[in-house]
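Visitor: Below is the structure, and that's it, no one-letter string:
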């Protein structure tokens with residue numbers, strides 16, 4: 001494992017004890033990116049913002065299909081697998097996770113499919129195991145069952161790990177649950193533009209769909225309303241003011 005690669009990532013504990021990571025944007029200057037999760041609690045934020053969205057696919061009778069924009073450390077993916085398992089929805093479940101950083105895609109998939117490997121950094125192996133433990137407790141199932149659930153989906157190509165989502169992405173399937181966990185508009189301005197959001201909602205979402213995100217921008221809210229979603233502006237997680245939870249049951 002290249003020391004240069006592992007030094008690209010700095011782990012940081014969050015207030016609930018779960019890990020997050022920062023990317024070293026400029027190794028020479030020691031410049032760090034924003035953390036991938038709230039420092040008030042990475043797992044707590046995931047459960048609050050995205051857990052209910054995934055649960056909505058069951059309570060509303062939507063298809064158990066999830067688009068995760070931002071694989072990161074696999075929080076959403078493991079939580080989705082755990083909730084599919086809890087709700088007996090594994091048979092029809094499928095998903096896609098988009099991630100721009102190849103190491104994050106490769107290491108998570110290798111850990112999931114092959115267990116501990118010498119070329120997966122130890123900090124990542126520990127983080128994946130801790131996240132899995134927390135998901136298992138959250139859904140009331142064993143860690144091995146949750147892991148096996150997602151592992152089977154990946155082996156059967158019902159959950160895919162894709163490269164970065166962008167304006168030219170072609171969607172081969174549509175999704176009933178969108179976990180919009182992209183970095184901020186400052187970091188990824190294209191993904192928060194009204195043009196992209198309208199196109200994304202038109203081409204990537206099923207008629208019956210729920211979208212949840214930590215963000216609550218005017219551009220996002222306009223795009224959702226124009227695409228037929230009913231908006232629920234909710235309290236944000238921890239110190240964030242608002243978050244967005246949107247549901248569409250039929251196209252308008």
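Guide: Done, it's in. Remember, predicted model here, so these are calculated numbers, not experimental data.

Visitor: Which residues does stretch 230-250 contact?
Guide: 15, 38, 40-41, 44-45, 48-49, 52-53, 56, 60, 205, 207-216, 220-221, 224-225, 227-229 (CB atoms under 8 Å, 6 or more residues apart in numbering). C-beta: built from backbone N, CA, C; applies to glycine.

Visitor: what about that stretch, average pLDDT?
Guide: What stretch 230-250 shows for mean pLDDT is 85.

Visitor: Can you list the residue ranges for strands in the chain?
Guide: 9-13, 19-26, 31-32, 65-69, 94-98, 159-162, 175-180, 205-213, 230-235, 242-248 (DSSP state E).

Visitor: worst average pLDDT in the ones you listed?
Guide: Mean pLDDT is lowest for strand 31-32 among the strands of the chain, at a mean of 58.

Visitor: quick one: low-confidence ranges for the chain?
Guide: For the chain, the stretches with pLDDT under 70 are 1-7, 26-32, 116, 183-188, 251-252.

Visitor: Can I have the buried ones of the contacts of stretch 230-250 as a ChimeraX selection?
Guide: Selection of buried members from these for ChimeraX, criterion 16 or more other CB atoms under 10 Å:
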select :38,41,44,45,48,49,53,56,205,208,209,210,211,212,213,214,215,216,220,221,224,227,228,229
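
Visitor: list the contacts for residue 210?
Guide: Residue 210 touches 53, 56, 57, 60, 62, 176, 177, 178, 245, 246, 247, 248, counting by CB under 8 Å, 6+ apart.

Visitor: coming back round to it: can I get the strands of the chain in TSV with distance to residue 149?
Guide: Formatted as TSV, those follow (distance: least, CB to CB, whole Å):
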stretch	distance to residue 149
strand 9-13	26
strand 19-26	22
strand 31-32	34
strand 65-69	13
strand 94-98	12
strand 159-162	10
strand 175-180	16
strand 205-213	21
strand 230-235	28
strand 242-248	25
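
Visitor: Quick check: which of the ones you listed is nearest to residue 110?
Guide: Of all these, strand 159-162 sits nearest to residue 110, with 10.8 Å by CB to CB.

Visitor: got the contact list for the closest one?
Guide: 71, 77, 81, 93-99, 105, 108-109, 150, 153-154.

Visitor: partner strands of that strand, parallel or antiparallel?
Guide: With DSSP bridges as the test, strand 159-162 is paired with strand 94-98 (parallel).

Visitor: what distance separates the partner strand from the centre of its chain?
Guide: Distance, stretch centre to chain centre, for strand 94-98: 9 Å (CA atoms, centre = their mean, to the nearest Å).

Visitor: In the contacts of strand 159-162, which residue is surrounded by the most others?
Guide: residue 81 (32 neighbours; other CB atoms under 10 Å).

Visitor: Does that residue touch residue 149 like I think?
Guide: Yes. The criterion here is CB atoms under 8 Å, and residue 81 meets it with residue 149 at 4.4 Å.

Visitor: Which neighbours do these two have in common?
Guide: Common neighbours of residue 81 and residue 149 (CB under 8 Å, 6+ apart) are residue 90.

Visitor: Next, give phi and psi for residue 171.
Guide: Torsion angles at residue 171 (phi, psi; degrees, to the nearest 10) stand at phi -90, psi 120.
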